[in-house]
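Colleague: Using only what follows, build the 3D model:
(one chain, ligands or ions: 1)
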Amino acid sequence: PSAPTSAATTSAPPQPTTLSTSRVTVAPPTSTTPAPGGGSTGCPAIPNGLGSTVSNALNDPFTFHGGGKVSSKADWTCRQAEISQLLQKYELGTLPGKPSSVTASFSGSSLSITVSDNGKSVSFSVTINNRPSGSGPHPAIINFGSFGGLPVPAGVATINFNNDEVGQQQDQSSRGKGKFYDLYGSGHSAGALTAWAWGVSRIIDALELTKAQTNIDPARIGVTGCSRNGKGAMVAGALEPRIALTLPEESGAGGSGCWRIAALQKSQGQNVQDSKQIITENVWFSPSFNSHVNDVNSLPFDHHLLAGLIAPRPLYVMENVDMEWLGKVSTYGCMGIARKQWQALGALDRFGYSQVGGNQHCSFPSSQQGSELNAFIGKYLLGNANAGTTSIFRSTGNQNFNIDSWSPWTVPTLS
Ligand code: MCU
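Modeller: Numbering: from 1, shown residues only. Reported below is the predicted structural model:
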């Protein structure tokens, strides 16, 4: 059955009251998500099971789970679909496909979103602030929750997303709570990070529907958040390909850090958050992750591959070198290795990792603003090719970590 491919139909009744309000409905989805268990057209099948153990190294991004080599950009797309499936299965929980309908209305600064699937519906809204005047459409950055927040330059709107409403994250008692779970059931496998990524996707659906009213360009959307919400920004960028720029701030363990490298730090006596601790603190991950946290070497991925789901879209990772708990070695090593995926794609100017210190957790340091954050936003959201250097890999700390020995595989040139 060939569902219409256009993003929206304007089938719903016109709104009688406010001119600035619109209500529109998404067309039924065409499936771009690979079937569970693999099987994107033309891609190798994903073998069952975890595969071989990887110790003192991170998994090879360029070898399929079944052993074949990734040697072209088309292979890379298949490998990304595979990695997404593996991450969902063993760590993040399942991301549902496009819902049967999304409707949206925009009034004042509030974008209201109603999502229906399997005969149920939920609604939530986001606030759009600092909408630039003048002809558009204009880019925007979705900001998770209330921690931190980046200095967003003129010309870019901010969309405030109350992610806790979609997936709660108080503590262990938050499991299965929030609008996502009202829709899909409290027993759904998704952890909060996946529920929030789903929410981001629905915000973009809504922006596609209301472009004429919001004057926001759904093709130029960035996403950010700090700390636990930085983990959320990373996962949203990874699971939602319509995100144009991913900006995780101090996401640490469970975000830009790798489980294997945190375990190394821990074995060296450092007070770093690791897989075993993180699942006791909150509900960010799927319950399916619980049975793997004591043996992370058996996982068919680490978070360099989570980041790799973004490649070659632009990613700028901000970290804090003063905070051992976040994984100051783990994020440095993990992202230093993740970077090789952008290298393989000839896209090093779309990858930034910057680890500085002297700032409180989630209080953005000015040393990352002018030549780094503004360069990324300038180039990739505002379309200014001369916004500055965006091939960045730096730490102000002295890192005793050998990136190359932890990535003992060949980096191909993919075309
Ligand atoms: C860095 O993100 C988290 C961290 O994972 C937690 O262990 C800690 O409790 O909270 C951090 C955070 O979100 O701070 C705002």
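Colleague: got a list of what the residue lying closest to Glu281 once chain neighbours are set aside touches?
Modeller: Take Glu281 and drop its neighbours on the chain: the residue closest to it by C-beta to C-beta, 6 or more residues apart in numbering is Asp171, 7.2 Å away. Glycine gets a C-beta too; all of them are placed from N, C-alpha and C. By C-beta atoms under 8 Å, 6 or more residues apart in numbering, the contact list for Asp171 reads Glu281, Asn282, Val283.
Colleague: can you list the residues of the protein near the ligand?
Modeller: Residues of the chain lying close to the ligand (C-beta under 6 Å from any ligand atom) are Phe147, Ser227, Arg228, Gly252, Ala253, Gly254, Gln273, Glu281, Leu326, Cys362.
Colleague: all strands of the stretch 251-400 of the chain, in order?
Modeller: Applying DSSP state E, counting those that start in this stretch to the stretch 251-400 of the chain gives strands spanning 315-320, 351-356, 392-395.
Colleague: Ranking the ones you listed by mean neighbour count, which comes first?
Modeller: strand 315-320 (a mean of 28; mean count of other C-beta atoms under 10 Å).
Colleague: partners of it, with directions?
Modeller: Strand 315-320 pairs in its sheet with strand 245-249 (parallel), strand 351-356 (parallel), by DSSP bridges.
Colleague: Let me see the mean pLDDT of the shortest one.
Modeller: Translated: strand 245-249. Across strand 245-249, the average pLDDT comes to 98.
Colleague: most surrounded residue in the contacts of Asp171?
Modeller: Val283 (24 neighbours; other C-beta atoms under 10 Å).
Colleague: can you tell me which residues contact the nearest residue to Lys266 once chain neighbours are set aside?
Modeller: Excluding the flanking residues, the one nearest Lys266 by C-beta to C-beta, 6+ apart is Asp274, at 5.1 Å. Counting by C-beta under 8 Å, 6+ apart, Asp274 touches Ala253, Trp259, Ala262, Ala263, Gln265, Lys266.
Colleague: can you tell me which of these are in helices?
Modeller: Mapping those onto helices (DSSP state H) picks out Trp259, Ala262, Ala263, Gln265, Lys266.
Colleague: Thought Ser275 was touching the third one, still the case?
Modeller: I take that to be Ala263. Yes: the pair Ala263 / Ser275 is scored as a contact, 7.4 Å apart, by C-beta atoms under 8 Å.
Colleague: how many other residues sit next to Ser110?
Modeller: Look at Ser110: counted by other C-beta under 10 Å, it has 11 neighbours.
Colleague: Backbone dihedrals for it, both of them.
Modeller: As for Ser110, its main-chain torsions (degrees, to the nearest 10) stand at phi -100, psi 130.
Colleague: ok, now which ones touch it?
Modeller: Neighbour list for Ser110: Ser125, Val126, Thr127, Ile128 [criterion: C-beta under 8 Å, 6+ apart].
Colleague: again with Pro137
Modeller: By C-beta under 8 Å, 6+ apart, the residues touching Pro137 are Lys211, Thr214, Asn215, Ile216, Asp217, Arg220.
Colleague: Could you check which helix or strand contains the fifth one?
Modeller: Secondary-structure assignment from DSSP states H and E places Asp217 in strand 216-226.
Colleague: So what are the sheet partners of that strand and their directions?
Modeller: Per DSSP bridges, strand 216-226 is paired in its sheet with strand 138-144 (parallel), strand 245-249 (parallel).
Colleague: Need those in TSV (columns: mean neighbour count).
Modeller: Formatted as TSV, these follow (neighbours: other C-beta atoms under 10 Å):
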stretch	mean neighbour count
strand 138-144	26
strand 245-249	28
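Colleague: sorry, back to before: what's the spacing between the helix or strand following the strand holding Asp217 and its chain's center?
Modeller: Downstream of strand 216-226, the first helix or strand assigned by DSSP H and E is helix 228-239. Helix 228-239 sits 3 Å away from the centroid of its parent chain (C-alpha atoms, centre = their mean, to the nearest Å).
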